[in-house]
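Asker: Quick one, fold the following:
(2 chains)
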Amino acid sequence: MNVLNFIESFFSDSAHWSGYDGIPQRMWEHLQYSAAALAIAAAIGLPIGLITGHTGRGGNAMAFVAAAARALPTFGLLVLMFVWLGLSVLPVMIPLVVLAIPPILITTYEAVRTVDPSPVDAARGMGMSQAGILFQVEVPAALPLILSGLRSAAIQIVSTATIAAYVSLGGVGRYIVDGLYQRDYEKVVGGATLTAVLALFVLVVFWAVGRTAVSPGVRRHGAV
Amino acid sequence: MNGFFDIPSDLQSSYLGLISTHLQEALIPVLVGFLLSLPIGLLCVRVRWLYPPVLWTTTVIYAIPSLAFFVVLIDYTGLSKLTVMIPLCLYSLVVLVPSVVDGIRSVPEETNAAAQAMGIGLVRRYLQVQLPIAVPAIIAGLRVAAASSISLVSVGALIGNQGALGNLLTTALLYQRPVLALNSVVTTAVLAVLVDALLVLARRLLTPWMPPSDSKARRTALRTAAGPTAPDTSTTAGTARAPERAS
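Answerer: Residues are numbered from 1 along each chain as shown, chains lettered A, B, ... in the order given. Got it, this is the predicted structure:
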């Protein structure tokens, strides 16, 4: 197994574990960019998705956003922003956020809209306020789906942040891009392993969040 | 817009050549993924406990970043189109398998019973009864898979000019010609929109009994659009919707 040998020698080389190009530093950068992009995207996507889902309006607009977002090539957008805006964090943040908003927005909208109407009606009959209905009835019931939207956004951000190394951002993508230029296959494979590990780490984090945040009743009802 | 279509000669391809390579590299994997998901989907419907592990496998595969997947494959398939196409094919499964399963599950029980009573065998029932009814769900999945595949091919440019239109992005940086990057983005987006429109057209032709802009079809499309995202989405949404349909 060729690749496994490369992985082993990459990770056993102590030079890869320290300094500005060390694994901890690159991982930390990667997580920082990803978390920032996810936070911005969630700050935009969640409120809009919750409100439109609660009122049940805007289905056509959502369908349009979904179609438009799918047509946009992320990598192309990244290079284009870099060419236009020059070297800074901004040209990387824009595509990452643009990439992450649609899954969050659309899944949240769908999740809140498809909540079983009978408890919602019951809550309304009991005189709950609109905000009360949304946050105490609809959101807890829709939480597994909302989380899955956030999860897929997070995974896409983590993968795409790798490509961002191409336009001089840090993160573990550096190893892949630099390694390809230096014809250092060991470095490339090491970087690839690290990205895959990060993506799987995101899966695990969201699985854990789902376990703790989703109410047991909801979890028993639908598959989480 | 000077030089918008002026493709540098080192790409060894004309503008139209890039487009056709791009479509090839993006759509063949989706087609193969679709053919794979037909038996996998049927199996997941018939053997219920198989579905969650299959979903998790496709989710984990989907979580592997494309660039990482490409470079690991270089060792086996070299710098070829295949290196780009294999990951794209595997990625498409995360959308296509759930949409096939959802589609088959959307077949009314009476229809299945009627087919069985008419003596239609398992394979023929799948191909001639269940799949035609499953068309809206499957097309919704194909739309997402095709669009994400078209977008991802460009990343292949990073592993040595295997990105078709994405190669324009790397040359744009190399030769300081932003117009080429713009060309790449616009062309890729237009291709995605066109393929999407063709799939919508295909759905209308294949499901003549449905009104052209059926709200149910739009809803299916929207739900699938929520992601190459969330296999969980479709399961939970599927179970959540089931009682609604029964009432």
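Asker: Could you pull out the buried residues of stretch B:61-79?
Answerer: For stretch B:61-79, burial by neighbour count (16 or more other C-beta atoms under 10 Å in any protein chain shown) applies to B:62-74. All C-beta atoms are positioned from the backbone trio N, CA, C, and that covers glycine.
Asker: Might you list the low-confidence residue ranges for the chain?
Answerer: Just going to use chain A. A:1-2, A:219-224 (pLDDT under 70).
Asker: meant chain B actually
Answerer: In chain B, residues with pLDDT under 70: B:1-3, B:212-247.
Asker: Can you check which helix is longest in it?
Answerer: helix B:15-46 (DSSP state H).
Asker: next structured bit after it?
Answerer: Next along the chain after helix B:15-46, taking DSSP states H and E as the criterion, comes helix B:51-63.
Asker: re earlier: out of the buried residues of stretch B:61-79, which one sits closest to residue B:152?
Answerer: Nearest to residue B:152 out of the buried residues of stretch B:61-79 is residue B:66 (C-beta to C-beta; 5.4 Å).
Asker: Starting from residue B:101, give me the distance back to that closest one.
Answerer: 25 Å (C-beta to C-beta, to the nearest Å).
Asker: next one: residue A:4
Answerer: Taken as C-beta to C-beta, the span from residue A:4 to residue B:101 is 34 Å.
Asker: These two: which is more packed in?
Answerer: residue B:101 (27 against 10; other C-beta atoms under 10 Å in any protein chain shown).
Asker: okay but that one is in contact with residue B:52, surely?
Answerer: No - if you go by C-beta atoms under 8 Å, residue B:101 and residue B:52 don't touch, sitting 11.2 Å apart.
Asker: The nearest residue in space to residue A:31 that is not next to it in sequence - how many residues pack around it?
Answerer: Nearest residue to residue A:31 in three dimensions, chain neighbours excluded: residue A:198, at 7.4 Å (C-beta to C-beta, 6 or more residues apart in numbering or on different chains). Counted by other C-beta under 10 Å, the residues lying close to residue A:198 total 23.
Asker: what number of residues lie near residue A:119?
Answerer: Residue A:119 has 14 nearby residues by other C-beta under 10 Å.
Asker: do you know how far it is from chain B?
Answerer: Separation of residue A:119 from chain B (C-beta to the nearest C-beta, to the nearest Å) stands at 12 Å.
Asker: list the buried ones in the helix or strand containing residue B:170?
Answerer: Using DSSP H and E, residue B:170 falls within helix B:167-174. Residues of helix B:167-174 classed as buried: B:167-173 (neighbour count, 16+ other C-beta under 10 Å).
Asker: what does that helix rub up against?
Answerer: The contact list for helix B:167-174, computed with C-beta atoms under 8 Å, 6 or more residues apart in numbering or on different chains, reads A:75-76, A:79-80, A:82-83, A:167, B:7-8, B:10-11, B:18, B:154, B:157-158, B:161, B:163, B:177-181, B:183-184.
Asker: Now with 7 Å, please.
Answerer: A:75-76, A:79, A:83, B:8, B:11, B:154, B:157, B:161, B:178, B:180-181, B:183-184 (C-beta atoms under 7 Å, 6 or more residues apart in numbering or on different chains).
Asker: Which of these has the largest number of neighbours?
Answerer: residue B:154 leads those on contacts (other C-beta under 10 Å) with 32 neighbours.
Asker: My guess is that residue contacts residue A:75. True?
Answerer: Yes - using C-beta atoms under 7 Å, residue B:154 is in contact with residue A:75, at 4.6 Å.
Asker: Find residues that contact each of these two.
Answerer: With C-beta under 7 Å, 6+ apart, residue B:154 and residue A:75 have common neighbours B:166, B:169.
Asker: re earlier: tell me how far the longest helix of chain B lies from the chain's centre.
Answerer: 7 Å (C-alpha atoms, centre = their mean, to the nearest Å).
Asker: does that helix come close to chain A?
Answerer: No - remark: helix B:15-46 sits outside contact range of chain A, by C-beta under 7 Å from any C-beta of the partner chain, the gap being at least 10.2 Å.
Asker: Which other helices and strands does that helix contact?
Answerer: In terms of contacts (3 or more C-beta pairs under 7 Å, 6 or more residues apart in numbering or on different chains; DSSP states H and E), helix B:15-46 is packed against helix B:51-63, helix B:81-105, helix B:131-153, helix B:178-206.
Asker: okay, the angle between it and helix B:131-153?
Answerer: 130 degrees (axes from the mean of the first three to the mean of the last three C-alpha atoms, to 10 degrees).
Asker: Next, the buried residues of helix B:15-46.
Answerer: Those would be B:18-19, B:21-23, B:25-27, B:29-30, B:32-34, B:36-38, B:40-42, B:44-45, for helix B:15-46 by 16+ other C-beta under 10 Å.
Asker: how far away is the most centrally placed residue in chain B from residue A:162?
Answerer: Centroid-nearest residue in chain B: residue B:145, 1.8 Å away (criterion: C-alpha atoms, centre = their mean). Per C-beta to C-beta, residue B:145 is found 21 Å from residue A:162.
Asker: my read: residue B:155 touches residue B:66, true?
Answerer: Yes - taking contacts as C-beta under 7 Å, residue B:155 lies within contact range of residue B:66: 5.0 Å.
Asker: in what helix or strand does the residue nearest to residue A:31 lie?
Answerer: Going by DSSP H and E, residue A:198 is in helix A:185-213.
Asker: Pull up the gap between residue A:149 and residue A:86, please.
Answerer: 33 Å.
Asker: Among those two, which residue is more densely surrounded?
Answerer: The neighbour comparison of residue A:149 against residue A:86 (other C-beta under 10 Å) goes to residue A:149, with 31 against 10.
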